[in-house]
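**Student:** Here you go, sequence then predicted model.
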Amino acid sequence: MYPVRTASDPSPRKPVDAKDAGVVVSATLLSRILGYVRDMLIAWSFGAGIYADAFIVAFRIPNMFRRLVGEGGFGMVFIPVFHAHAQRRGLQDALNLTAVIFRRLAFILFLIVLLGTVFAPVVVHTLAPGFLPSGETLHLSVKLTRIMMPYLLCVGLVAMSMGVLNALGHFTAPALAPVVLNVSMITAILIGVWLAPSMAIRVGLLAAGVVLGGGLQFAMQVPFLIRREVRFWKKPRPESGALAQFGRSALPVILGGATYQINVLLGTLLASYLAAGSVSYLFYADRLVQFPLGIFAVSAVTVMMPGLSQYAVENHMDAVKQTLFKSLRLIWFVTVPAMVGLIVLREPIVALLFERGAFSSNSTHLTANALLWYSTGLWAYAAMRILLAVFYAMQDAYRPLKAAAVSVVINLAAGALLMQVMGHSGIALGTALSAFVNVGLLFFLLRRKIGPLGGMRMLPAVLRISGCAFFMGAVIQWLHTWLTAGALGGRGATPLGHVVLCVLTGVAVYTAAAFLCRSDELYTCFQMISKRTKTP
C-alpha cells in the first residue's frame, strides 16, 4: 500500500534504491523481448518490401511520439515541476496541478490527431519524399497513418500517467505498459496471417493493433492513478505559475530529448531516395540498437529523474554531480560491451531474429551493415539521456535544445553526404557522428552551468570498462570465426546456438574481467539483481 501523505508533506515520493532500478530493468527487458518477437513477426510476414516500408513510414510518427514522451521524455518535463510545486504548496496542490495538465494535454492531443488525420498525405510526403506520388507505397502509407493517428492521444496520456506515477514513487505499472502494446501488435499480426485474405488487409490489422494497444496501455495506468488520489477527470482551479512553467518547458524538453529520434526520422527521409527496402534495413537495425538502450539508459533515467529533481530543488549540486557520474559509469558499464557485441555478432543476430519468410539472406546482410554503424554510437546515445536528465532536473531546457539543433544539422549533412558512397549505411553512420557531437556539447554546456565536473575522476572507470569490453570482443570474435568455420563436428552451430554460445561467453568473459579489475559497477549490478530477486 502506498503511504498516505498530507498536503503539508512536501516530499511526494520515497527515495530511489536498487529495488526500483531492478523493477524497471526487469519490466523493460520483458517489453524489449516481446518487441523483438513483434519485429521478427513483422519481418516474417512483410519482409523488406513495399508493405514493410509503408508500415514503417506510417509507424514512424506514433512510434517516435511514443519514444519522445513515453520513454522518460514526459517525466523529464513533469517531475521537476511537480517536485518544485509540491515543495512550495504541498502535495495536494501538486496533484491538482496534475489534473489540470491531464485535461489540457488530452485536448491538445485530440486536435493533433484531427490535424494529422486530415493532413496525412502531407505527413507521409514529408517523412518519405522519395516515394513516387502515384506509387502504391505512398498511398498505403497514407492509409496506415490515418488508422494509427489516434495512438498519439493514447500514448500521450500514457506518458503523463507514467510521469505522475514515477514522481509518486511507483514504477512497476508504467514500466509494464509497453508490454501491452507489444502483445496487442503481436496478436494483430497473427490474426492477419491466419485470417486476412490479402497483404493490404494484413498490414491494416497491424495498424489497428497499434491503436488498441495504446488504449489498453492507458487503461492499465488508471487504477494506480486513482489509488494515489489523481482525479484527472475533475476540473480543479489551475495554479497559473506552475502551469505556465510546465508549458514553457514542455516543447523544448521534448525537442531536446528527441535528438536521436529526430535523427532516425531524418534517416528515414533520406533512405526513401535509395533502393526499395532501405527504410526497412534502417528500421530493423535501429530496433536492435534500441534493445540495450531502452533496457538500461531509459530505465536509468526513469529511476534517477525523481531524485535528481529533488536535489536540484534543494540546490544540492554536489549530489547532482555524484548522481551524474555514478549513472554514467553504470550505463557505460553495460552499453559499451553491448556495443562491442552488436558489432562483432551483427550478422548472426540479424539472421537469428529476422531471416525467415520474406526476409532474405541479402536483407540480413544489408541490415547488419546499418547495425554496424548505428552501434558505434550506442555509448553516446546512452550518455545523452543521462546528461539531458541532469539539465531537465534543473529545469534548464534551452541549453540542450541548442546542442540538439547542432546535432540535427550535422546528422542531416553527414547522412546526405555519406549515403552517396555508403548507401543506407552512411545514414546510420551520420546518426552516430551527430550523437558524438551532441554528447560533447552537453558536457561543455553543463560544465559552464554548474562548474567543474571532475571528469578526470571518470577516466580510470572509462579505461577499465573499455579494456574489459574490447577483450571480450576479441574473445567472441575468435569464437564466432571458429563456429562459422564449422568447428563443431565439421559443421557450424545452429543460428540460435551460435548466438547464445557467443553471448554467454561474452557475458562470462566481461564479468570475469570486471571482477579482476575490481569494478564498482559490477558490484552495483549484482546489488540490483539481488534486491530485485528478494522482492516478494
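**Tutor:** Sure, I can see it. No experiment lies behind these values; they were computed from the predicted model shown. Numbers count the residues shown, from 1 in each chain.
**Student:** ok, so what distance separates Phe46 from Arg38?
**Tutor:** If you measure Phe46 against Arg38 using Cβ to Cβ, to the nearest Å, the figure is 12 Å. For glycine as for every other residue, the C-beta is placed from the backbone atoms N, C-alpha and C.
**Student:** These two: which is more packed in?
**Tutor:** Phe46 (25 against 22; other Cβ atoms under 10 Å).
**Student:** OK, contacts around the closest residue in space to that one that isn't next to it in sequence?
**Tutor:** Closest residue to Phe46 in three dimensions, ignoring its sequence neighbours and counting by Cβ to Cβ, 6 or more residues apart in numbering: Ala52, at 4.1 Å. Under the criterion of Cβ atoms under 8 Å, 6 or more residues apart in numbering, the contact partners of Ala52 comprise 42-43, 46, 277, 280.
**Student:** Most neighbours among the residues you listed, please name it.
**Tutor:** When neighbours are taken as other Cβ under 10 Å, the top entry among the contacts of Ala52 is Ser280 (29 neighbours).
**Student:** just how off-centre is the helix or strand where that one lies within its chain?
**Tutor:** Assessed by DSSP states H and E, Ser280 sits inside helix 278-292. The gap between the average C-alpha position of helix 278-292 and the chain average comes to 12 Å, counting by Cα atoms, centre = their mean, to the nearest Å.
**Student:** swap in stretch 396-409?
**Tutor:** Shown here is stretch 396-409, whose average C-alpha point lies 19 Å from the average C-alpha point of the whole chain (Cα atoms, centre = their mean).
**Student:** Likewise for stretch 349-358?
**Tutor:** Centroid separation for stretch 349-358 versus its chain: 22 Å, with Cα atoms, centre = their mean.
**Student:** Need the three-state assignment for the residue nearest to Phe46.
**Tutor:** When states are read from DSSP: H, G, I helix; E, B strand; the rest coil, the local structure at Ala52 comes out as helix.
**Student:** Pull up the gap between it and Ala196, please.
**Tutor:** Here Ala52 is placed at a distance of 15 Å from Ala196 (Cβ to Cβ).
**Student:** Verify the stated contact: Gly267 with Ile427.
**Tutor:** Yes: under the criterion of Cβ atoms under 8 Å, Gly267 is in contact with Ile427, at a separation of 4.4 Å.
**Student:** Need the residues touching each of the two.
**Tutor:** Common neighbours of Gly267 and Ile427 (criterion: Cβ under 8 Å, 6+ apart): 282, 415.
**Student:** residues of stretch 207-219 that come out buried?
**Tutor:** In terms of neighbour count (16 or more other Cβ atoms under 10 Å), stretch 207-219 has its buried residues at 207-218.
**Student:** closest to Ile61 among those?
**Tutor:** In terms of Cβ to Cβ, no member of those lies closer to Ile61 than Val210, at 10.9 Å.
**Student:** Now the helix or strand harbouring Val193: buried residues?
**Tutor:** Val193 is located in helix 172-195, with elements delineated by DSSP H and E. Going by neighbour count (16+ other Cβ under 10 Å), the buried part of helix 172-195 is 173-189, 192.
**Student:** Show me the contact partners of that helix.
**Tutor:** Counting by Cβ under 8 Å, 6+ apart, the neighbours of helix 172-195 from elsewhere in the structure are 23-24, 26-28, 30-31, 34-35, 37-38, 41-42, 45, 66, 70, 158, 161-162, 165-166, 201-203, 205-206, 208-210, 212-214, 216-217, 220-221, 224, 299, 302.
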